[in-house]
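In: Sequence and predicted structure, then a few things I'm wondering about:
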Amino acid sequence: MARKKTTGPTERELAILGVLWERGPSTVRQIHETLHSEAKTGYTTTLKLMQIMAEKGLLVRADDGRRHIYKPAVSEERTQKQVVGDLLEKVFAGSAEKLVMRALSTKKVSAKELKRIRKMLDEMEGA
């Protein structure tokens, strides 16, 4: 049976990418130790997932002697755009208005965040 193709990173893959975006190129051991406090998975599980991520083009692996150093293949911003774009199409039928309205109604937004959102909207209208 063929594997279902996913359009973006899974939740576990995003966790690994998050660590790499924060700390920079890292070994499997470093990633595993960072994530182990949150998820009780084995080292070999982390290794296998990172190997799959490299095959999928999410990570780039470089050899450094006996160790493998991994880094994200794409930026955090690009990945966020892809994930939001997928969500926009799948859940909100392509409506950015519905997405923004739901996002703003889900959680209290600080005055500082609202100010930045207003500024961004003003810039988009002026463009």
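Out: Yep, that arrived. Treat the numbers as computed from the prediction; the structure is a model and nothing was measured. Residues are numbered from 1 along each chain as shown.
In: what residues are up against the residue positioned nearest the centre of the chain?
Out: Central residue of the chain (Cα atoms, centre = their mean): Leu14, 4.1 Å from the mean position. Counting by Cβ atoms under 8 Å, 6 or more residues apart in numbering, Leu14 touches Thr79, Val83. Quick note: C-beta positions are derived from backbone N, CA and C, even for glycine.
In: Report the separation between it and Met50.
Out: 13 Å (Cβ to Cβ, to the nearest Å).
In: For this structure, which segments count as strands?
Out: Assigned by DSSP state E, the strands in the chain fall at 26-27, 59-64, 67-72.
In: Next, format these as CSV and append mean neighbour count, distance to Leu88 and mean pLDDT.
Out: Below are the strands of the chain laid out as CSV (neighbours: other Cβ atoms under 10 Å; distance: least, Cβ to Cβ, whole Å; pLDDT from 0 to 100):
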stretch, mean neighbour count, distance to Leu88, mean pLDDT
strand 26-27, 18, 31, 96
strand 59-64, 14, 25, 92
strand 67-72, 18, 22, 95
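In: Now those in TSV, please, with extra columns for distance to His36.
Out: TSV is the format used below for the strands of the chain (distance: least, Cβ to Cβ, whole Å):
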stretch	distance to His36
strand 26-27	14
strand 59-64	19
strand 67-72	16
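In: nearest to Val19, of those strands?
Out: strand 26-27 (6.9 Å; Cβ to Cβ).
In: Pull the residues that contact that closest one.
Out: By Cβ under 8 Å, 6+ apart, the surrounding residues in contact with strand 26-27 are Val19, Leu20, Thr34, Arg67, His68, Ile69, Tyr70, Lys71.
In: likewise stretch 77-86?
Out: Thr7, Gly8, Pro9, Leu14, Leu17, Pro72, Leu99.
In: Stretch 117-127 now?
Out: Here stretch 117-127 makes contact (Cβ under 8 Å, 6+ apart) with Val109.
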